[in-house]
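In: Just a sequence and a predicted model for now, questions to come.
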There are 2 protein chains.
Amino acid sequence: MNKIVTLIISLTLITSNYVNAQTHPCLTLTKKGIKEIKANLGKTPLYDKSFAEVKKVVDAEILKEIDVPIPKELAGGYSHEVHRKNYNTMEKAGLLYQITGDEKYAKYVKNILHKYADLYPTLGLHPAKNSYSRGKLFWQCLNDANWLVSVAQAYDCVYDYLGKSDRARIEKDLFVPFVNFLSIETPQFFNRIHNHSTWGCAGVGMIGLVMNNEDFVKRALYGTMDQTITADQHDNDGGLIKHPGQEKAGFLAQIDGLFSPDGLYSEGAYYHRYGAYPFLIFAASLQNTKPELKIFQYRDSLLIKSVYSLLDQTTSTGEFYPLNDAQKGMSIYNSSLISAVDIAYHFGKRDPSLLTIAALQNEVVLDESGMAVAKNIKNKIPLPNKSIIYKDGIDGKGGAIGILRSKSDLNLVFKSGTHGMGHGHFDQMSYSFYKNGKEVVQDYGMARFVNIEQKAGGVYLPENNTFAKQTIAHNTLVINQKTQYGGDSDEADKYSPKLNYYNFSNPEVQYISSRDSNAYQGVFQNRTLVLVDSKEFKNPFVLDVFNVNSETENTYDLPLYFMGHLMSISTKVTIPNQMQKLGKSDGYQHIWKEGDAKANEGNTNFSWLGDGVFYTYITATTGSDSILLGRSGASDPNFNLRRDPMFIVRKKTTGPTTFASVLEAHGSYSPVTEKAINSYSDISAVEVLVSNKDYTIIKLKTKENKNWLVALANQNEEKQHAIKVEGKDLSWNGPFKLLKF
Amino acid sequence: MNKIVTLIISLTLITSNYVNAQTHPCLTLTKKGIKEIKANLGKTPLYDKSFAEVKKVVDAEILKEIDVPIPKELAGGYSHEVHRKNYNTMEKAGLLYQITGDEKYAKYVKNILHKYADLYPTLGLHPAKNSYSRGKLFWQCLNDANWLVSVAQAYDCVYDYLGKSDRARIEKDLFVPFVNFLSIETPQFFNRIHNHSTWGCAGVGMIGLVMNNEDFVKRALYGTMDQTITADQHDNDGGLIKHPGQEKAGFLAQIDGLFSPDGLYSEGAYYHRYGAYPFLIFAASLQNTKPELKIFQYRDSLLIKSVYSLLDQTTSTGEFYPLNDAQKGMSIYNSSLISAVDIAYHFGKRDPSLLTIAALQNEVVLDESGMAVAKNIKNKIPLPNKSIIYKDGIDGKGGAIGILRSKSDLNLVFKSGTHGMGHGHFDQMSYSFYKNGKEVVQDYGMARFVNIEQKAGGVYLPENNTFAKQTIAHNTLVINQKTQYGGDSDEADKYSPKLNYYNFSNPEVQYISSRDSNAYQGVFQNRTLVLVDSKEFKNPFVLDVFNVNSETENTYDLPLYFMGHLMSISTKVTIPNQMQKLGKSDGYQHIWKEGDAKANEGNTNFSWLGDGVFYTYITATTGSDSILLGRSGASDPNFNLRRDPMFIVRKKTTGPTTFASVLEAHGSYSPVTEKAINSYSDISAVEVLVSNKDYTIIKLKTKENKNWLVALANQNEEKQHAIKVEGKDLSWNGPFKLLKF
Ligand SMILES: [Ca+2]
Ligand SMILES: [Ca+2]
Ligand SMILES: [Ca+2]
Ligand SMILES: [Mg+2]
Ligand SMILES: [Mg+2]
Ligand SMILES: [Mg+2]
Ligand SMILES: [Mg+2]
């Protein structure tokens, strides 16, 4: 911590010093950059393609009459969409003016800036009262800040084109009051450690750099130090405005407070993707104007690391794992990722593996970083298909997210990091599982249709809180049908699981283990996940060993959100004549009970077919356990939820209890050849031989009657272990051992 | 009919005459073909690629020890799969011997033929008793016939290689008893007008051609004329063995009895795809051995036409419309379609548009027809995206299937042909609708997982009869919650709707209309579908005008199996606390009632998002109509059904009633850009202005308050019509008019 404080102080000293006049453009475009772009234009296919696409859109747009409507509607509505289109067009027209020298683009920007300068002084707060920080052009300040980030770039590009009096007028009537409104007049928006404020700071800082306004740049870097925010102020998503202990604000405090030292963003990749753009574009602007700040080296090059963390949280097809609030389908093809990849390449270490992503994106931004990528695209080298751990928490001690990958394109994503603030889900120790980029065991994601007006204007739907965030919506243990931390996100933000150990050094057998004793009072949970993709076994599989211990009797539900069509189940399922809900609260009210069954004594098997691959889940059960088959979609008057299936193993017990399960991926089915290949799993039994304070020993039996043991040390993990199992001596080193038995 | 009888007689005369010795190979490969192949091998990339793939598989396979197991299991089981692999390998090894001259292939075929000749005489009927015609090598004769079609080709290829005594032994112990078993000893298999018998005849005929056995070829062409089949004998799928009035049997009678003059196969494209192979491979063999038969010209070149009918029944991505019993996902990429395309090209008119399909398939068969395709592939021309009508019924008078296609890649498939025998669904006058090759309004398809052993051995599931075949599983009217024809398929086979008219001449406004008065006693139904994809409207749409008339009061349910997530509905839906089934029988017992509502007075709107496109359904309703939201999956103890949504408009009324609905396809949504474009429909009202015996007049209103009329003449269709509507005179020619009003 001392180190960070020192760094901030030294940055402060440097920034107070800058007084020299700025040349323009100075943000993401520079005079040097323009020269480089002009020299390569027409000779660099990827840049030329992107340039032609932007030019086509802008050329069509600037022929139309300029419309700067009085703000009225929410997202999706007329005025909202027009203002959004306007700032996009302005930013791009500015770029085109600099690249082509064609004054029609500069003239368009000048004319529309004057229109905004006419309108802005007449505006009060936006009429819609839905936001904790209402904007003026838009219903929320966040969108006003989006506008400013783009328009600062546009203004930068036409700065020299505009006369002094134009600039004076536009700054006085538009930018100065715009900045004051976003920063001083809306402290609850500007001073948070939150992506909203990152947009605010980027906008204020970037226009400050263009205007050479030291005060604006300082506000952006350090916040307004406003003291009026109360401890219980929340935003619309239920996130706290000011977290206990928050002492700083502004851009640098956001870099400190929103990322783990590994570059992980607490709210999850979906929000990271959104926040990445202002972080990187403002940082690039600072680098171009104030290279002495060394912003990209700040906090051990954290901003560059953060791009890698973002890119790592994707499937082999480039889609983000939908941890926390996240709309499925968001991917590396989003425009903010195009910018992130170009900036990380240009301002980072010119890593040729980033070029592989840029080649997939098949688009670059039109500034110097985009040109750098386009010029070097032929040097691309393949991305590694590697497992990775991201330590979470701003000090790196908030647990971790582990992504285990193996050669059969299996991805096992283990969430045991921080809760994720307002956008966090109560999903600690949950996993999701992918094959070939497709979901096999899904995280539900969020209950929201972003920007689709028919769905409550595109905002969060009630079922996001009542279902999608709840523990039962995740592949983790639900105790007594209650959500973790009693569903209190402020409470959940205080804790995270502890990473026990992980080891990805053998790509055929990788494992990770975490524990938690905060999510449920008086209950100790310990989950170890093993990904086996080895010639020693017929099929790759996940072994899931979930130990739980409590002195009181509890009901434990372990759900599995399998994606596909049920093939078989090894126990007799009773189906209902009238279908009931699974419960009354904590998300259970949203699940229809499609069937229930007594579990088998020994093992219960369950198999499905999804995206042309067979999967079999085999779990150790006793005859007093039960099985539930559920489907989301109950208590859903507006049909906001998907109707997705789940399988639940329920144990009612006291003292130490172990859930041990294997999920095998095997074979294939094609509706074209109609061939079912390898449609049966290979592992025939999963048995818990030992499970106590010291050790958990699991036996796996294959169909050819080969026996394997998985030995886990539950404490003194790094030591030498010895234990007698089924009359045989077993000894091993370290926390984990897989061996023939 | 007279013409056909004459043709059969002349064919009979010709075939009785052939006595000359055959050279070998003579079926799909000929001495001339081999020469052509050898001359082009290594210079024809598409052929070479296919050749290399086959060679790789066969080379690996023939290294293994030959296994000819005692028949035991059903499909998917060990002995079944081994025998299946054996005949595939034999066929391909024979080809490779002829092409390469490498004796290892011939030796393999010789050895395995002797093994089969050892085994066959020891066999009784297959132990599994599941089939109406049990086989010897397999559980059903159908698979024995599959074996014979392949092995006849293999034997043909090694005929000259084998010594006389080898041939004598193999023919005596294997082929002669094999043929007698399939034909004389199993008349209920061999003499049907059904794809099973086509396989039987092809196998018997092809081995007959190789052996130069006139008797076998005659049996294949004309059946065994067995008289022992009783009127009530059915197969396992509920199909009649012998239809009333069937007088002929054998291959030619099957060409006469299974296709409409347009080449439409009554059971549907999925079964046609399966049946196409033996039709075409036997025909090609006949053409090569007996060109004087002119088999490809038979019945006005019906076999070639039938390939086009098959190819036409696919989406723009090459998947078959799943009419009748059909597993979804079957496509032009199936091996039987590769063979069909190559044969239709080579033996038909060398149509260069077929080469476009061959290029997509990226594979050819290894005989002369495959080489012809591969040599000419560069001449390919695009497939037309055209609408087409296929008249159904063996006389062309059994209604029709209409496929309406438009420039936005919309496909509207209207089923108003024959029922489809044992594999028919009670789906008369139903439609399904596709955009960009994806289902928008689906036909459920069949309830079966072909060759997946876990699902009842891969056979038809009980829910195929109880749900998938029922009328409520289709987008057509269900009256009093009962299935068409009381669910009696023998009865349904007797009737089909009558095509009123159709017109596809204007690609922007296409229409088709049919009527029926047999599906429900005392009820007259008339459906007109219009596909509009025109600059005159903002969005393309389907107009559905469904007139129904009955003297008694009935409940009419019109379901819409929409594919996607509900966006909005214009009426207040009540959702259940406990979910009930929609009914007790006729498929309704398989539907959960997710919600119900009173319809609006005027119009009820319903919109959804599917595969990135918005759809809005707007239907004329009164306040006494009701709306049901349902989902398949009730009464399904083995989870055999998909959980798919539907929307039902229910009217309870007497006398003439009109359902008038518009289904608009509009806009797009991408989870990557998160932009919802054009997410609202344009047509704001659908009103039935007139609906009587003579005319149905529908008014469409757009959001910009433009009015359109659709005028339909319900009788005297081809005449001049004049009528006063809303005080204005309206006159038009012919059955249909769309005009501004
Ligand atoms: Ca930009
Ligand atoms: Ca996905
Ligand atoms: Ca499809
Ligand atoms: Mg979640
Ligand atoms: Mg969480
Ligand atoms: Mg059907
Ligand atoms: Mg039918």
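Out: Arrived safely, thanks for sending. Residues are numbered from 1 along each chain as shown, chains lettered A, B, ... in the order given. Ligands and ions are numbered 1, 2, ... in the order given.
In: In contact with A:Asn385, which residues are there?
Out: Listed by CB atoms under 8 Å, 6 or more residues apart in numbering or on different chains, the contact set of A:Asn385 reads A:Ser316, A:Arg405, A:Lys407, A:Asp409. In this view, the C-beta of every residue, glycine as well, is placed from N, C-alpha and C.
In: Centre of the chain to the longest helix seen in chain A, how far?
Out: The longest helix of chain A (DSSP state H) is helix A:78-100. Centroid separation between helix A:78-100 and its chain, computed with CA atoms, centre = their mean, to the nearest Å, is 28 Å.
In: Tell me which other helices or strands it touches.
Out: If contacts are counted by 3 or more CB pairs under 8 Å, 6 or more residues apart in numbering or on different chains; DSSP states H and E, helix A:78-100 sits against helix A:31-40, helix A:45-61, helix A:103-119, helix A:141-158.
In: Please state the offset of the third one from the chain centre?
Out: A distance of 37 Å separates the centroid of the chain from that of helix A:103-119, by CA atoms, centre = their mean.
In: can you check the shortest one too?
Out: Averaged C-alpha coordinates place helix A:31-40 at 35 Å from its chain's average position (CA atoms, centre = their mean).
In: tell me which residues of that helix are tucked away?
Out: Buried residues in helix A:31-40, counted by 16 or more other CB atoms under 10 Å in any protein chain shown: A:Gly33, A:Ile34, A:Glu36, A:Ile37.
In: Closest to A:Gly348 out of these?
Out: Distance to A:Gly348 across those (CB to CB) is lowest for A:Gly33, with 16.7 Å.
In: any idea how far the closest residue to the closest one other than its chain neighbours lies from chain B?
Out: In space, and not counting its chain neighbours, A:Gly33 is closest to A:Glu368: 3.3 Å by CB to CB, 6 or more residues apart in numbering or on different chains. The gap separating A:Glu368 from chain B is 25 Å, by CB to the nearest CB, to the nearest Å.
In: returning to that earlier point: near ligand 5, from the buried residues of helix A:31-40?
Out: Contacts with ligand 5 are made by none of these, judged by CB under 5 Å from the ion.
In: okay, now the domains of chain A?
Out: According to automatic domain parsing, chain A comprises the domains A:2-227+A:240-379, A:388-680.
In: returning to what we had before: would you convert the contacts of A:Asn385 into a markdown table that also reports secondary structure?
Out: Listed next are the contacts of A:Asn385 as a markdown table, based on DSSP: H, G, I helix; E, B strand; the rest coil:
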| residue | secondary structure |
| --- | --- |
| A:Ser316 | coil |
| A:Arg405 | strand |
| A:Lys407 | coil |
| A:Asp409 | coil |
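In: among those residues, which ones are buried?
Out: Buried subset of those (neighbour count, 16+ other CB under 10 Å): A:Ser316, A:Arg405, A:Asp409.
In: Show the backbone phi and psi for the first one.
Out: Right, the one you point to is A:Ser316. In terms of degrees, to the nearest 10, the main-chain angles of A:Ser316 are phi -70, psi -10.
In: can I assume it is in contact with A:Lys438?
Out: No - using CB atoms under 8 Å, A:Ser316 makes no contact with A:Lys438, being 9.5 Å away.
In: Ok, which of the domains of chain A comes nearest A:Lys703?
Out: Across the domains of chain A, closest to A:Lys703 is domain A:388-680 (CB to CB), at 7.9 Å.
In: anything in stretch A:301-311 near chain B?
Out: No - Stretch A:301-311 lies apart from chain B when judged by CB under 8 Å from any CB of the partner chain; the minimum separation is 14.6 Å.
In: so how far is that stretch from its chain's centroid?
Out: Mean-position distance between stretch A:301-311 and its chain equals 13 Å (CA atoms, centre = their mean).
In: got it, and stretch A:605-624?
Out: Relative to its parent chain, stretch A:605-624 has a centroid offset of 29 Å by CA atoms, centre = their mean.
In: what's the span of it from first residue to last?
Out: Stretch A:605-624 has an end-to-end distance of 16 Å (CA to CA, to the nearest Å).
In: what about it, near chain B?
Out: Yes - applying CB under 8 Å from any CB, one finds stretch A:605-624 touching chain B at A:Ser607, A:Leu609.
In: which residues of the stretch 401-550 of chain A score low on pLDDT?
Out: Along the stretch 401-550 of chain A, the model assigns pLDDT under 70 to no residue.
In: before we move on, the earlier item: compare the helices and strands packed on helix A:78-100 and give me the one nearest ligand 4.
Out: With CB to the ion as the criterion, ligand 4 lies closest to helix A:141-158 of these, at 22.5 Å.
In: Flag every buried residue along the very next helix or strand once past the closest one.
Out: Using DSSP states H and E, the helix or strand that follows helix A:141-158 towards the C-terminus is helix A:164-170. Applying a neighbour-count criterion of 16+ other CB under 10 Å, one finds A:Asp166, A:Arg167, A:Arg169, A:Ile170 buried in helix A:164-170.
In: What count of nearby residues applies to A:Gly208?
Out: Counted with other CB atoms under 10 Å in any protein chain shown, residues neighbouring A:Gly208 total 25.
In: Which single residue in chain A comes nearest to ligand 7?
Out: Proximity of chain A to ligand 7 (CB to the ion) peaks at A:Pro671, 21.3 Å away.
In: so what's the residue nearest to that residue when sequence neighbours are not counted up against?
Out: Closest residue to A:Pro671 apart from its sequence neighbours, by CB to CB, 6+ apart: B:Gly329 at 2.8 Å. The contact partners of B:Gly329, by CB under 8 Å, 6+ apart, come to A:Ser670, A:Pro671, A:Val672, B:Glu319.
In: same thing with A:Met646?
Out: Contacts here follow CB under 8 Å, 6+ apart; on that basis A:Met646 touches A:Pro559, A:Leu560, A:Tyr561, A:Phe562, A:Ile591, A:Leu629, A:Gly630, A:Arg631, A:Ser632.
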